[in-house]
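*Asks:* here are the coordinates; sequence isn't available:
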Ligand code: C2E
Ligand code: CA
Ligand code: CA
């Protein structure tokens, strides 16, 4: 600018109005620059302000569960810290309620995640209505919620009753009437533990309710922790059970519904515990699954069942061998390789090995389960969908599976004689299965009435105490000997191959 004025003062033949115009123009440009700078500053301030607001909003969102709008676990921990301090100061009590939906997984699997999410938001709203706005409520994980209320056990029990009643009201989700139940565990401060133990104790009480079938509440009790210790001991023993030869397979036959010919033997696992006696697979399989032991145990079952099938085949006892496969096993990458190796080792045909997978596991429809089913199909295995009717599978989802057999869950068979609903469900399952070319097996058949009803419905195969209980391999071979046939130790007719004489001693 100085240079320009100096130049203007020196005069170089340029008219003075032109200089003035130039100076005016430059002043204008400079002014505009200052204005822009000011505007930029203001804009920066506005942006900064907006950023600050957004950060506060994000923080607020972070303390809220995105789906339900309830507090997150981290936030309720802080609320719990504060509440405990208040309780100590005022010598008052505080109750934690852990609420978990029963069978939520089957809703998610059967109806899809959108319906599952809607169930969770409805649950959150109902829980809020049960405790009022003042009480902190959080979503801990999945289908688990936590309520924090002032008061002792009586107040907590009254709230738990309200929660159970409110959850029992049917929900209308996307036109579907869904009825759910919940399990509630209560821990009261200070009676049921110090601050760090409270949440775990309420959750333990909830799990105890679940073990008892759900749809109820219970408060923490120190024996619950003892049960956990017992479980820890059992787990310790289970780790060595395979090596010590304590596991055994029992076999329960399936028979053709009309001819009563043997069609298969289902291998059912038993644990002969040195101190506790025979332990049910319903007890130790979930434990093995939770603690990563199912792989070893499952591999042992497959190998032993195939070995036994080979031995029986050598004796002339022809039937399918069925093994149960848990969800954890199905997610194992090398499951089918393992099965194929055992089949080869014992010279079996893959279509004679039935792999029983429960409906809820079969419907998981993850990349891993899809891959496992694909491999089973390629390997030519006989796939059976176990406990059918308890999940929420549709005809469409069932069609996608390479299954050849469907087992009606025992619950429907048990109720056949007394419940028209059970009869309706069983009949519908048989019809649906036949539409898809699947054979239908009814399990848990205990009476002749049940047998006759099932035969009338067109069931293909039957299994249950009416015919035979699970038994040792030797007992099964004896059971399978047909006394009326030749009287020479031949086996009962089998659905496969002509029955051969049975040289039991070789
Ligand atoms: P599941 O596969 O549904 O097996 C049928 C269960 O019902 C067996 O119980 C059997 O003993 C019992 N049962 C059979 N017929 C009748 C009857 O007429 N009435 C009654 N009340 N019960 C009957 P178990 O042997 O205790 O097995 C329980 C569950 O443990 C099995 O249910 C299966 O899911 C699992 N399991 C058994 N063995 C294995 C295994 O080797 N691997 C895996 N992953 N799971 C296994
Ligand atoms: Ca089974
Ligand atoms: Ca079953």
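*Replies:* Great, that's in hand. Values in this document were obtained by computation on a predicted structure and should not be read as measured data. Ligands and ions are numbered 1, 2, ... in the order given.

*Asks:* buried stuff in stretch 134-154?
*Replies:* In terms of neighbour count (16 or more other C-beta atoms under 10 Å), stretch 134-154 has its buried residues at 135-140, 143-149, 153. Using the backbone N, CA and C atoms, a C-beta is placed for each residue, glycine as well.

*Asks:* brain fart, stretch 248-262
*Replies:* 249, 250, 251, 252, 253, 254, 255, 256, 257, 261, 262.

*Asks:* Would you mind giving both backbone torsions of the nearest residue to residue 156 once chain neighbours are set aside?
*Replies:* Spatially, and ignoring its direct neighbours in sequence, residue 156 is nearest to residue 95 (3.7 Å; C-beta to C-beta, 6 or more residues apart in numbering). The phi/psi pair for residue 95 (degrees, to the nearest 10) reads phi -120, psi 140.

*Asks:* which of the buried residues of stretch 248-262 sit farthest apart?
*Replies:* Using C-beta to C-beta, the pair of these lying farthest apart is 249 and 257, separated by 25.1 Å.

*Asks:* what pairs with the closest residue to ligand 2 within the stretch 151-300 of the chain across the strands?
*Replies:* Across the stretch 151-300 of the chain, the shortest distance to ligand 2 (C-beta to the ion) belongs to residue 266, at 5.7 Å. Applying DSSP bridges to residue 266 gives these bridge partners: residue 252, residue 322.

*Asks:* one step back: keep only those of the buried residues of stretch 248-262 that are in strands.
*Replies:* Within the buried residues of stretch 248-262, residues falling in strands by DSSP state E are 249, 250, 251, 252, 253, 254, 255, 256, 262.

*Asks:* Just the ones in helices from the buried residues of stretch 134-154, please.
*Replies:* residue 153 (DSSP state H).

*Asks:* Return the member of the buried residues of stretch 134-154 nearest to residue 366.
*Replies:* residue 143 (18.4 Å).

*Asks:* Can you get me a residue count around the residue nearest to residue 156?
*Replies:* For residue 95, the neighbour count with other C-beta atoms under 10 Å is 27.

*Asks:* Could you check how far it is from residue 477?
*Replies:* 59 Å (C-beta to C-beta, to the nearest Å).

*Asks:* cool, and residue 134?
*Replies:* Relative to residue 477, and taking C-beta to C-beta, residue 134 is found at 69 Å.

*Asks:* cool, and residue 66?
*Replies:* Taken as C-beta to C-beta, the span from residue 66 to residue 477 is 60 Å.

*Asks:* who has more neighbours, the two?
*Replies:* residue 477 (19 against 9).

*Asks:* Wait, the more buried one touches residue 317, no?
*Replies:* Yes - with contact defined as C-beta atoms under 8 Å, residue 477 reaches residue 317; the gap is 6.4 Å.

*Asks:* Rebuild the buried residues of stretch 248-262 as a markdown table, extending it with distance to ligand 3 and pLDDT.
*Replies:* As requested, the buried residues of stretch 248-262 are exported to a markdown table (distance: C-beta to the ion, whole Å; pLDDT from 0 to 100):
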| residue | distance to ligand 3 | pLDDT |
| --- | --- | --- |
| 249 | 16 | 98 |
| 250 | 15 | 97 |
| 251 | 15 | 98 |
| 252 | 10 | 98 |
| 253 | 15 | 97 |
| 254 | 11 | 97 |
| 255 | 16 | 96 |
| 256 | 19 | 95 |
| 257 | 17 | 96 |
| 261 | 21 | 89 |
| 262 | 18 | 91 |
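
*Asks:* which one of the buried residues of stretch 134-154 is nearest residue 413?
*Replies:* Closest to residue 413, out of all of these and judged by C-beta to C-beta, is residue 143, at 29.6 Å.

*Asks:* how about the closest one, what does it touch?
*Replies:* 100, 101, 104, 120, 123 (C-beta atoms under 8 Å, 6 or more residues apart in numbering).

*Asks:* who touches the strand or helix carrying the fourth one?
*Replies:* It refers to residue 120. Assigned by DSSP states H and E, residue 120 falls within helix 113-131. Residues outside helix 113-131 that contact it (C-beta under 8 Å, 6+ apart) are 65, 67-70, 99, 101, 104, 107-108, 137, 139, 143, 145, 147, 149, 159, 162-163, 166-167, 169, 171, 173-174, 176, 178, 180, 182.

*Asks:* Narrow those residues to those that are buried.
*Replies:* 65, 68, 70, 99, 101, 104, 107-108, 137, 139, 143, 145, 147, 149, 159, 163, 167, 171, 173, 178, 180, 182.

*Asks:* Spell out which parts of the stretch 251-400 of the chain neighbour ligand 3.
*Replies:* 386, 387 (C-beta under 5 Å from the ion).

*Asks:* ranges for the strands of the stretch 251-400 of the chain?
*Replies:* 262-273, 277-279, 320-325, 353-358, 382-388 (DSSP state E, counting those that start in this stretch).

*Asks:* quick revisit: among the buried ones among the contacts of helix 113-131, which ones are in strands?
*Replies:* Among the buried ones among the contacts of helix 113-131, the members falling in strands are 99, 101, 137, 139, 145, 147, 149, 171, 173, 178, 182 (criterion: DSSP E).

*Asks:* domain ranges for the chain?
*Replies:* With automatic domain parsing as the criterion, the domains of the chain are listed as 73-220, 242-485.

*Asks:* that older thread, which of the buried residues of stretch 248-262 sits closest to residue 388?
*Replies:* Looking across these and measuring by C-beta to C-beta, the closest to residue 388 is residue 254, at 14.5 Å.

*Asks:* The closest one and residue 460 touch, don't they?
*Replies:* No - using C-beta under 8 Å, residue 254 is not in contact with residue 460; the gap is 9.5 Å.

*Asks:* Now do the shared contacts for those two.
*Replies:* residue 441.

*Asks:* Quick check: chain neighbours aside, which residue is closest to the residue of the stretch 201-350 of the chain at minimum distance from ligand 2?
*Replies:* Residue nearest to ligand 2 within the stretch 201-350 of the chain (C-beta to the ion): residue 324, separated by 4.6 Å. Closest residue in space to residue 324, ignoring its immediate chain neighbours: residue 356 at 4.8 Å, by C-beta to C-beta, 6+ apart.
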